[in-house]
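> what follows is a predicted structure for the sequence shown.
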Amino acid sequence: MAQYSSSRNIPHQRRGLTAIDAITALIVILLVIQIWLLSATLDTFLAGHTETALPGAIVSGVLCAACFAMYGFVRRVDRDSRHDR
Amino acid sequence: MPDPVTEQEPLWRDEFSISRANERYVSRRQLAKFLTLGSIGMFAGNLWILGKSWLRKAPVYHRSPVAQVGEIPVGGVKLFQYPKSGEQCIMIRTAEDSYVAYSQKCTHLSCAVFYSRENDRLECPCHQGYFSVKDGSVLQGPPTRPLPRVVLDRSGDQLIAVKMEPEV
């Protein structure tokens, strides 16, 4: 029997889309911070200061892990929302 | 159509949905994936800087005669290469008994800076970056870092380049 999406599932889908949009916006913010961090670290490195390289890499790694976690959340919400219909 | 063995929907159906609503989901998910890959790229960049800083060796400077005292007039300049050949530097006689020397490479995009006697500053012709003659600090323009200074030592009648500050 063919599967048709019912109208009662639309609010749930919209919630899923809104959650994905919000998480994507957060990932964008983290990415902008990482871009700034990379340029600042590179600038200080080229100025002859190497002491910022380690903290820069650690913070960038934490932000990257956060992006990964949020991407995993996006995948889960995406899968749940589409399989619920 | 489900796989008869695993009884699961094939992966391509999940990735390339024919439903219009699902298309919107896929594009958002792909954007999130792209941004996450960008994040990995930024992290890789930071790791590269970390590796470079760990592998960086302290440069060894040698003493190199640059000019004779009084060889250039007050306000005059002399170009020389230090610490290696091809590393162009500029020495300026700012007063009767005062000499300063800097790397000639602009810290913005490596254009050659020149000394402007009228304005008493080092100027980069490419993007109008100006540097102080006193200490090489940035006065104006896109550069964010000062010019590396060549430390000069006076030995008798000779001016000798000793090292660079900061080390390059």
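Ah, there it is.
> what's the strand or helix carrying A:Thr41 packed up against?
Taking DSSP states H and E as the definition, A:Thr41 sits inside helix A:10-46. Applying 3 or more Cβ pairs under 8 Å, 6 or more residues apart in numbering or on different chains; DSSP states H and E, one finds that helix A:10-46 makes contact with helix A:53-84, helix B:20-55. Where C-beta positions appear, they are placed from N, C-alpha and C, glycine not excepted.
> weakest of the ones you listed in terms of mean pLDDT?
Lowest mean pLDDT within the helices and strands packed on helix A:10-46: helix B:20-55, a mean of 87.
> any idea of the angle that helix forms with helix A:10-46?
20 degrees (axes from the mean of the first three to the mean of the last three Cα atoms, to 10 degrees).
> residue ranges of the strands in chain B, please?
Using DSSP state E, the strands found in chain B span residues B:64-68, B:77-81, B:88-95, B:98-103, B:114-116, B:121-124, B:129-132, B:138-140, B:149-155, B:158-165.
> buried ones in the fifth one?
Within strand B:114-116, the residues that qualify as buried are B:Tyr115, counting by 16 or more other Cβ atoms under 10 Å in any protein chain shown.
> and for the residue nearest to B:Arg56 when sequence neighbours are not counted, the neighbour number?
Leaving aside its sequence neighbours, B:Arg56 sits nearest to A:Thr50 (Cβ to Cβ, 6 or more residues apart in numbering or on different chains; 6.4 Å). Counted with other Cβ atoms under 10 Å in any protein chain shown, the neighbours of A:Thr50 add up to 16.
> does A:Thr50 count as helix, strand or coil?
Assigned with DSSP: H, G, I helix; E, B strand; the rest coil, A:Thr50 falls in the coil class.
> thought B:Ala58 was touching it, still the case?
No. Applying Cβ atoms under 8 Å as the test, A:Thr50 and B:Ala58 come out as separate, 10.7 Å apart.
> the most centrally placed residue in chain A: what's it in contact with?
Nearest to the mean C-alpha position of chain A, by Cα atoms, centre = their mean, lies A:Ile27 at 3.1 Å. Counting by Cβ atoms under 8 Å, 6 or more residues apart in numbering or on different chains, A:Ile27 makes contact with A:Cys67, A:Met70, A:Tyr71, B:Ala32, B:Leu35, B:Thr36, B:Ser39.
> could you identify the most distant pair in the residues you listed?
Among the contacts of A:Ile27, the pair separated by the greatest distance (Cβ to Cβ) is B:Ala32 and B:Ser39, at 10.5 Å.
> what about B:Ala112, how many residues nearby?
14.
> what's the closest non-adjacent residue to the closest residue to chain B within chain A?
Using Cβ to the nearest Cβ, the closest approach of chain A to chain B is made by A:Gly48 at 3.2 Å. With sequence-adjacent residues excluded and distances taken as Cβ to Cβ, 6+ apart, A:Gly48 is closest to B:Pro166, at 3.2 Å.
> for the one you found, which residues are in contact?
A:Ala47, A:Gly48, A:His49, B:Pro148.
> give me the neighbour count for the nearest residue to A:Leu54 once chain neighbours are set aside.
Nearest non-adjacent residue to A:Leu54, counting by Cβ to Cβ, 6+ apart: B:Leu50, 6.1 Å away. Neighbour count of B:Leu50, defined by other Cβ under 10 Å: 21.
> ok, now B:Leu55?
B:Leu55, neighbours per other Cβ under 10 Å, totals 7.
> figure out how far the helix holding A:Thr41 is from the centre of its chain.
5 Å (Cα atoms, centre = their mean, to the nearest Å).
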